[in-house]
Each structure stands twice: as structure tokens, then as C-alpha cells.
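Got a predicted model here, sequence first, then my questions.
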Amino acid sequence: MLDFPTEVIRTESEPQPRQHFIDEVLKDFWTCLVSREVSLLGRKEVLSGKGKFGVFGDGKEVPQVALSRVFRKGDHRAGYYRDQTIMFALGIAKIEDFFAQMYTDARNDPFSAGRQMNAHFATPYIDEEGEFTNHMELFNQTSDISCTAGQMARAVGLALASNKYKELKSLFGKKHKFSRKGKEVCFCTIGDASCAEGPFWEAVNAAATIQIPLVISVWDDGYGISVPVDKQIAKASISDALQGMQTEKSKKGLEIYKVEAWNYPKLVATYEKAIKKARKNQSPALIHVIECTQPQGHSTSGSHERYKSKQRLSWERDWDCIDRMESWMISSGICDKETTKKMKARAKEFVRERKTFAWKRYITPINEERELVINLISRIGQQAHLKKEILEIKKELDNLVDPTYSEVVQLAKRALYLSMFEKVDEVAKLKAYIDGKDEAANLTYHTKLYSDTPKAAVKVPVVEMEFEGEEVMAPGYKVINTFFDKAFAKHKELLAFGEDVGKIGDVNQGMAGLQEKYGEERVFDVGIREWTIVGQAIGLAMRGFKPIMEIQYLDYLYYGLAPLADDVASLRYRSNGLQSVPLIVRTRGHRLEGIWHSGSPIGMIINSLRGMYLAVPRNLTQAAGFYNTLIQGDDPAIVIETLNGYRKREVVPSNIGEYTIPLGVPEILLEGTDVTVVSYGACIAEIEEAIPLLNQYDISIELIDVRTLLPFDLEGVIVNSLKKTSRLIVIDEDVPGGASAYIVNQVLEEQDGYYSLDSKPITLTAQAHRPPYGSDGDYYTKPNPEQIFETIYTLMTEVDPDAYPIAF
């Protein structure tokens, strides 16, 4: 918590309960004052050029100290960029931490190491070894994102985890580092305008339906930047609009409260009542905090005087929550005007002191490096042929005001370009400085996209498949069902859920019988709401579970793409390794029937979800191996099962449930000499069907199953094949320029396969449009055996026209 200035407290004694009450109120008021000064001074820092952008929580201070009074260790927050007062009240953020993030001070930003803009907070959910921290000893803050309403889905999962720990206490015990009898609440905060977003409504409906301890605070200041609330929300009030979800005696739903942002005693009473009920009943609530103000407008990007009337601005000044709290304190005899005057003066002084400290801590090493570079350039310039030009760069460095590291490095590089052939000792020193800064920048900005802990998925030990005794054949759905049965028996933290996953065991029977065997608490159905299916998995994974969430068909992933891209894929990176979300997305895709059930948007997935792994197994035996690897790792991933593989019979390994398949290691399915053919998923079967056609003409292909697209071929299997064949064909059923373009980039550019080519690389893909319904539409839209034969044969015609004349 913020250090409280005891020197401003009046000294006369009060009865003990009364004195305790007074102390608590004064501490809350102090926190509000400090937070307001941070906002005011923060805006000035941005407008003076010391910060890039500023967004603040002014006008929300009093409701946030009321919330903080009921926030307990073990609770979780999924909030947004207005919540600085909560962070100060709980002692999570110091003033200098806030300014360090604003200055992009990577060394001293404890929440994102310079990767996020200001007011985006996070606390450690894992340690450097990838082990979960003791959540019960912390005020847990999930890493904030800027996307409006993006926190809502995650909040559902965080609250659901409390229910699961209560339901599964026989497995986990009553007390551990994740929960104590499921009494933890998830606090979710959101602005009133963001309540117009779809994720808000989906999350509120989900919370009211499944009954979880989620308490949503809506900070209502009447605007979404310049757009007023009557253009955002039905009835211009989110609490009025949600009345149909209000809990009734016979129907569970959502407890709804409405309270003014300036009414401190009512806020305190409201939060105490709401949280007490949420903890006891594991039920959701929404607290609509009305009449918030924006003393400085939305952010530093503009002025609210442009769109608010004089009357509105006057009202905001008159009903400022801190001024109203002060008036109440004085009228209630808690303190006098002289005390609040001293507190305000001390708050200004305190914030200015900590801001100055944060700035000096940030700028001093940069200025020291600038002087180093100036000295080097000056010496180089005295001896170089291009003396004038080099000394002009020195002048630019001298004239920089509040420089950044990149400005210093940029000018250092330009000086190096002008002098790199000079025989001057300082040139080597300048190059060494630049190399050191580039290496440091790589560590600062380009790490933690994937796990680098001992638990990383790419470090899971490989256990080979075994085939002992009599050969056992089974349809694909039986193979995956057998694996999941063994996995649930082995991993108590494993959960599975999605549309139709529970009672019927998913639409393809991969989970058949598992709900009956392991309980509805672990294998369960959810509604048709992909955004919050992802959200449930996020929160559960962050709180120690290993969720397998199902998106019923790959085509439905679009609905869940935003939380996967904005939240899941970026979490480890944006928190600089403070947090992880090792969920598994299980889905099925590629060819089946029609526009909505045979999509294969792999390029979209690859380009949207860096930070997640992507496995594309050709059959269910392969899928089982990937699941086993991912369950043991701590990275998020997607596994796309082949839709047309569930009825195909496969040889079942005798050690199913034990073998693993490594990520990033393609498999050579057929060795050959003429052409390297690279593919994955359902297309492998199409290629295998084309092989007898090719054999008739003695065309020898080397067929390689990529198996995972993220990561891609870590061992260079494909480029080594290309060195042998000198020809490359990539086949997939994404649209042109999709996954095939990514594969070509990886093989030819990243692996230097270009130098092994004797022929132009070829990609064979689906058509640009979505697949029409029916077998004919599928045949003519996606790669088929005959098309594959003709493409490969045509390539061989280019190699030897006489041996391979075209007659088709």
C-alpha cells in the first residue's frame, strides 16, 4: 500500500472502533489524492514529450478504493487501463512503477518490461521455472489488454476456476496455492461504453447461466471517447438494460447494483454486500457505478472540451468524486478542512518526488550512453575522410532533448556507415556498442513469445510409439477416445468442455463416456458462445488447470479468434513471462461438406496466433501424441483433427497414452529422389492416393508431413530433402497465399532452401472461394489425387520433356 503521511492525521484520540474507521477512511482518501495527482502529472509528462501516450483513471478513484477494501489475497482481477487506484490501494504499483511504464523504461517497468503502454498491470502467476506462484498469497492481477471488453472472456474463466476447485476438492484438497474452498472472487472492471461490445453480453450471459463468483464493476462516465452513452447502450443505462437477468427468488441470474461514484459510504456498503454474497453463493454480480467523471477527458490524444457541453463540464467539476468525499469527511467529523488541505499538498509533493525519481532513473543511463557515443563519433570525425558529415551527426546527438535509446543507436549506426572502412580504433568501439545494444534490444523486446522454462512444450521428452503383440486396428474416434480416457486418469488438472462435449462425448465421439466416468465437473457442456469458451479456458489455465477447450468445427474459430489473438497468444510476451496460459484448443477441420464445415483458414491462424503452437496431425494416432506432449508442456496450442479421419481405421500403438510426438519435427512418410512434396493434415491422404498414379511413370516423390506449422521444422528435415531432390511442391487446402506461402517462406528463405532448387517451387492449394456443398464441390475446389498427379507430372515434364510428355 501507499505510505500514509501520519504527520497530517489529527492527534486527538477517539474510541478504538471509531479511530480505526477514521484511519481507514483517511487512508482511502490519501490513495485517491495520490492517484489523482498521478493522472494530472502523467498527462503533463506526455504532453511535454516524456511519454508517448497517457491514459488514466481520474474520476474513478473513490469507487476503486471502495472495491479495494474487499479485494482479498487469492482473488483475481481482469480489468482495464482505468484501474490505477486499485493498484495503488493494494500496494501492487508504486508511483515510480506507474511512471516507469509510461516512460517505456523496460528495466523498471515491473508489469511488462516496457512492452505495454501505461496503466496495463500484471502480477506474477508463474515463476522463472514455469511453476505457479502461490496465488493465495497475492492480490492477483491478470495482464491487462487495451482491446475494449477484451478482459470479459478471461474474467469468466477466472471465476469459473473457483467453482471447479470447490467441486473438485476431493482431488485437490480444501487448501492449496490456487484456492481455499473456491471462495475467491474475480473482479472485472469495464467502462460503460465498452459494455456495447459483444464479448460483454456473452460474458454476462455466461456468468448468469453457470453461476460463478464474478463481480463486474462498470465505471460509467457517460461517454465512449466522444460518443455519449445514449448512443451506446439501450435505455442509456447498462443496469436498466440488464434487468431481465436480475436474480429472482426462483430463477438464478445476476445481482445488479447501482451506486454513485461520489458516494463513498454507499460505495463501501455496496461492495461489501455484493462481494459477501458472491463469495458465499458463488454467484455473479454487476455494480453499475454511475456519475463518474473524466477530469481530463479520455486520454492524452485529445481534449474533452471538443465534445462536451459547458453544462456537462461544469457538472463534472461540481460532482468530482474526491471533492464530494472530502465534503462528506468534514461534515461527518472524520477530519477538518485543514487536514485535507495538508493531505492534498503532501500528495502533490509526494507524487512529484516519485515522478522525478522515476524519470532520472530512466533518462540518466541513456544520457550516459549518448555521451559515450558523442565521444566516439567526435574522435572518429577528427580522423575520417567524411569529417563534416560525421561531425554533423555528433551535432544531432548533442541537440537531442530527452533522447531514447533508439535515437542514440540510430545516429550511432549512421556514423558507422560513414566511417566503417576508416582505420580508427574508435570505429571498432562504436560497432561493439551498436552490437551490444542490438543484442540487448533482442532480449528486451523479442523474447518470451513462447515458453523458455523447463516446462516448455518443445522440451517435453520424446517417447516413441510402440507396437507390441498382436496388431490392433480401431477407427480414429476410438483411438482418440482411448487416449483421452488415459489422460484424464493420469492428470487430475485436466478438464474438457465445449459444445456437445459432455453428455454425448462430442459430435465425433472422441470424449464418449468420459463425463460418466470422470464426472460432469471435469467433462462438461457449454452453450454456443465461442468467445467465452476461450475465456473459460484462459482463466482455468491461468489458475492451474489444464483445459482442453473444444471449438466444434474449425470454421467456428473465427468467433473465438479475437481472445486467442489478443489475449492467449500475447500473454506470455506482454507480461514478459510473468504469466502463462497453457490451454489446448481442440478442433476439427479441413475437408468435409460445404461452406461452413470444410474451411481450412490455416494462414489466418498462423499469422494471427504467433505465441501459440499449431499442430495439424494427419490422423488421430498422431493427434493423441500431440495432446500428450501439450498436456505436459506450458504453452498454449491448437490441435486440428482431420474431420474425415474419425471413421478410418488406424493401427493403435500399444503404449497409447504414453508416447509423445515432438513439436517442430516433420516426418518423412515416403523417401524419394525426384520431388520433395510437403503437406499436412487431410491432404496427406490425398497425396498417398496419388502415389500409385505417379509410380506408373516411375516418378519418385519424397513425401513429408510437416505435422506442426508452429513451430516449423526445427531440425531442417525439409531442406535436407530438398538438397537431394532439388524440387519442391507444397500442397495444402488453404486459399492461395495461405499456409503454402508460409511454408515456402520457411523452407526457401529461413532454411536457405532456395540454393538447392533446380526448378521453380510450386504450391497447390484450394480455390480462393469457400468450398461448395457436396462431393463435386469438394473435388473441384480442394486438391484431389488427380490434380496432385497432374501437378507433379507437369513439373517432371519441365525436367525431362521427352520422358514425360503431356497428353492430358
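Good, I have the coordinates.

Centre-most residue in this structure?
What sits nearest the mean C-alpha location of the chain, by CA atoms, centre = their mean, is Asp567, with 2.3 Å.

From what I see, Ser39 and Val55 are in contact.
No: counting by CB atoms under 8 Å, Ser39 does not reach Val55; the two are 9.5 Å apart. Placement of C-beta: from N, CA and C, glycine included.

returning to that earlier point: how much space between the residue nearest to the centre of the chain and Val581?
Distance of Asp567 to Val581, given as CB to CB, to the nearest Å: 8 Å.

shared neighbours, those two?
The contact sets of Asp567 and Val581 overlap at Ile538 (CB atoms under 8 Å, 6 or more residues apart in numbering).

which element is Glu326 on?
Assigned by DSSP states H and E, Glu326 falls within helix 321-331.

now that helix: mean pLDDT?
Taken as a whole, helix 321-331 has an average pLDDT of 98.

List the contacts of it.
Where contact means CB under 8 Å, 6+ apart, the residues beyond helix 321-331 that reach it are 25-26, 29, 32-33, 36, 59-63, 261-265, 292-293, 335-337, 340.

now the residues you listed: which count as buried?
Burial by neighbour count, 16 or more other CB atoms under 10 Å: within the contacts of helix 321-331 this picks out 25-26, 29, 32-33, 36, 59-63, 261-264, 292-293, 335, 340.

Show me the domain layout of this structure.
Here the chain is described, according to automatic domain parsing, as comprising the domains 6-335, 359-445, 457-651, 668-799.

what's the closest of those to Arg352?
Taking CB to CB as the criterion, Arg352 comes closest to domain 6-335 out of the domains of the chain, the separation being 6.7 Å.

how many neighbours does the closest residue to Asp752 other than its chain neighbours have?
Here the nearest residue to Asp752 in space, its sequence neighbours aside, is Val719; by CB to CB, 6 or more residues apart in numbering that works out to 6.8 Å. Neighbourhood size, Val719 [other CB atoms under 10 Å]: 21.

now do Thr781
Summarising burial for Thr781: neighbours were counted as other CB under 10 Å, giving 18.

who touches it in this structure?
Residues touching Thr781, when contacts are defined by CB under 8 Å, 6+ apart, comprise Ala766, Gln767, His769, Pro771, Pro772.

Phe29 now?
Here Phe29 is in contact with Ile322, Met325, Glu326, Met329, Thr340, Met343 (CB under 8 Å, 6+ apart).

low pLDDT regions in the stretch 1-150 of the chain?
The stretch 1-150 of the chain contains residues with pLDDT under 70 at 1, 4, 6-15.

Now with 90, please.
Applying pLDDT under 90 to the stretch 1-150 of the chain picks out residues 1-19.

in it, which spans are helices?
Residue ranges of the helices in the stretch 1-150 of the chain, as given by DSSP state H, counting those that start in this stretch, are 16-47, 61-68, 84-90, 95-102.

just how off-centre is stretch 58-69 within its chain?
For stretch 58-69, the gap between its own C-alpha mean and the chain's C-alpha mean amounts to 27 Å (CA atoms, centre = their mean, to the nearest Å).

Also stretch 677-687?
Here the centre of mass of C-alpha atoms in stretch 677-687, compared against the chain's by CA atoms, centre = their mean, lies 31 Å away.

end to end, how far does that stretch reach?
9 Å (CA to CA, to the nearest Å).

and Val678, bridged to which residues?
Taking DSSP bridges as the rule, Val678 bridges to Ile704, Val730.

separation between Tyr556 and Asp567?
Counting by CB to CB, the separation of Tyr556 from Asp567 is 18 Å.

hang on, I meant Lys164
As for Lys164, its distance to Asp567 is 20 Å (criterion: CB to CB).

Go through the chain and flag its longest helix.
Using DSSP state H to define each element, the chain has its longest helix at helix 337-383.

now the angle from that helix to helix 321-331?
For helix 337-383 and helix 321-331, the angle between their directions (axes from the mean of the first three to the mean of the last three CA atoms, to 10 degrees) works out to 150 degrees.

what helices or strands is helix 337-383 leaning on?
In terms of contact count using 3 or more CB pairs under 8 Å, 6 or more residues apart in numbering; DSSP states H and E, helix 337-383 is assigned the packing partners helix 16-47, helix 95-102, helix 321-331, helix 387-399, helix 405-419, helix 425-445.

Now distance to Met465 too, for those helices, in a markdown table please.
Below are the helices and strands packed on helix 337-383 laid out as a markdown table (distance: least, CB to CB, whole Å):
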| stretch | distance to Met465 |
| --- | --- |
| helix 16-47 | 58 |
| helix 95-102 | 49 |
| helix 321-331 | 64 |
| helix 387-399 | 61 |
| helix 405-419 | 50 |
| helix 425-445 | 38 |
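
Highest mean neighbour count out of the ones you listed?
Per-residue neighbour counts averaged over each of the helices and strands packed on helix 337-383 give the maximum for helix 95-102, namely a mean of 25 (mean count of other CB atoms under 10 Å).

This completes my enquiry, with thanks.
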